[in-house]
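Enquirer: have a look; sequence and predicted model below, questions after that.
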Amino acid sequence: ADVNKKEDIDNIYSTIKLNHGKLDILINNVGGAIQYGSFFELDDETWTDVYNFNVLTTVRFVKGAYDLLLKSNLKRIINISSIVGIQPGFFNPHYSITKSAIINLSKHLSKILAKDKILVNVICPGSIHTEAWIDNVKAIQIKNNISYQEAWENLEEEEIKKIPLGRVGEPEDISSAVIY
């Protein structure tokens, strides 16, 4: 499914309704920076695309899930945001503002959906070794004309300085937080 298309999201929920009749948990983990850059390097289209990809897909998934969640006894929404939504860095401001929006949206939803006993949480992980990490390494490699390994090591070293635990996270760290 193309999560940027409302019709595709609607089809996902039609299938869930047909096969299960309800939805216990919605985990919104779609999104990304699409293109990497600093404030002045990013054009308007990139800002809009990243907003649509991160924020509007979350909105559409929540709206689509609402009626199915009401039929469940569990009723959970877990939105995955990012620490950059709270503490942005020097790059990718288009991404960090969308993660701020998801944090804000999650708080809003927790207030308005409490009457329906729908629990809404947001998880804000730091740096994680994901496809986005790899894309970022490649962008650094190209921008600085260095090897992939050197770009990885430079990014890892830079990120570890910010992390009290002293390591970049793994996807399993996030899944453990979700299932908690």
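Expert: That came through fine. In this text the structure is predicted, and so the values were computed from the model without any measurement.

Enquirer: can we go C-alpha only for contacts and neighbour counts from here?
Expert: OK.

Enquirer: in stretch 90-99, which residues are buried?
Expert: Within stretch 90-99, the residues scored as buried using 16 or more other CA atoms under 10 Å are N92, P93, H94, Y95, S96, I97, T98, K99.

Enquirer: of those residues, just say which sits nearest to Q149.
Expert: Minimum separation from Q149 among those (CA to CA) is found for N92, which lies at 21.9 Å.

Enquirer: doesn't I34 make contact with the closest one?
Expert: No. Distance between N92 and I34: 9.8 Å, which falls outside the contact criterion (CA atoms under 8 Å).

Enquirer: determine the longest helix present in the chain.
Expert: Among the elements of the chain assigned as helix by DSSP state H, the one spanning the most residues is helix 93-113.

Enquirer: could you report the distance from the closest residue to T58 other than its chain neighbours to I103?
Expert: Closest residue to T58 in three dimensions, ignoring its sequence neighbours and counting by CA to CA, 6 or more residues apart in numbering: N28, at 6.2 Å. Going from N28 to I103 by CA to CA, to the nearest Å gives 12 Å.
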